[in-house]
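Quick one, structure for this:
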Amino acid sequence: MTPGLVIVLAFGIGVVAGLRSMTAPAVVAWGAYLHWIHLSGSPLAFMGARWAVGIFTLAALGEFIADLLPVAPARTSAFPLMARMVVGFLTGASLAVAGGVSLWLGGVIGAAGAIAGAFGGYQARVGLVRTLRVPDALIAIPEDAFAVAIGVLLISRFL
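Numbers count the residues shown, from 1 in each chain. I've put the predicted structure just below:
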């Protein structure tokens, strides 16, 4: 795999983190656990541990539910955006390490992807809700599925 492709994948997993903050680490953890990506011997080896898979999977499921609640904060507000950037860094770094690229470069690219995903996802969701004149949940649920599918697609490139 070329370094350029690894960087694109790191940006992509960051975009997934921007859409759904806990989906990205859940997908990466599953990928590491199933040995689709190889993080052993790196500082990110913990991502393949059973406990990490369990925690991130439960967090992703909880986020899917919480996102449907009217009290959910906007993904572009300060704290949620910062959290997405941190998760984008973690997951981008994980894919970078798996692809033989600098952890730090992958992390920064993943964080940038998270910003793009958060703002792009917000604009797309609001635009679709307004244009189609449908309840937010009718867009949120397919957005969840889209984030999972894109995350799995990105991780599968390492097979």
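
from here on, contacts and neighbour counts on C-alpha atoms
OK.

Using CSV, write out every CA atom in the helix or strand containing Ile13.
Per DSSP states H and E: Ile13 is located in helix 3-19. Extracted in CSV, the C-alpha atoms of helix 3-19 (Å, rounded to 0.1, in the frame of the first residue of the first chain):
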residue,chain,number,x,y,z
PRO,A,3,1.9,6.1,1.7
GLY,A,4,-0.5,8.4,-0.3
LEU,A,5,-3.3,5.8,-0.1
VAL,A,6,-2.7,5.4,3.6
ILE,A,7,-3.0,9.2,4.1
VAL,A,8,-6.3,9.2,2.1
LEU,A,9,-7.6,6.3,4.3
ALA,A,10,-6.5,8.2,7.5
PHE,A,11,-8.4,11.3,6.3
GLY,A,12,-11.4,9.1,5.5
ILE,A,13,-11.6,7.5,8.9
GLY,A,14,-11.3,11.0,10.3
VAL,A,15,-14.4,12.0,8.2
VAL,A,16,-16.2,9.0,9.8
ALA,A,17,-15.2,10.3,13.2
GLY,A,18,-16.7,13.7,12.2
LEU,A,19,-20.0,12.1,11.3
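
Buried residues of that helix, list them for me.
The neighbour-count check on helix 3-19 (16 or more other CA atoms under 10 Å) flags 6-19 as buried.

what helices or strands is the helix or strand just after it leaning on?
Heading C-terminal from helix 3-19, the first helix or strand you meet, by DSSP H and E, is helix 23-33. Helices and strands touching helix 23-33, by 3 or more CA pairs under 8 Å, 6 or more residues apart in numbering; DSSP states H and E, are helix 3-19, helix 50-66, helix 78-98, helix 137-156.

Include distance to Gly110 and mean pLDDT when you put the ones you listed into JSON lines, please.
Converted to JSON lines, the helices and strands packed on helix 23-33 look like this (distance: least, CA to CA, whole Å; pLDDT from 0 to 100):
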{"stretch": "helix 3-19", "distance to Gly110": "4", "mean pLDDT": "98"}
{"stretch": "helix 50-66", "distance to Gly110": "17", "mean pLDDT": "97"}
{"stretch": "helix 78-98", "distance to Gly110": "4", "mean pLDDT": "97"}
{"stretch": "helix 137-156", "distance to Gly110": "13", "mean pLDDT": "96"}
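
most packed of the ones you listed?
Mean neighbour count (mean count of other CA atoms under 10 Å) peaks for helix 3-19 among those, with a mean of 27.

how much does that helix deviate in direction from helix 78-98?
Between helix 3-19 and helix 78-98, the angle comes out at 150 degrees (axes from the mean of the first three to the mean of the last three CA atoms, to 10 degrees).
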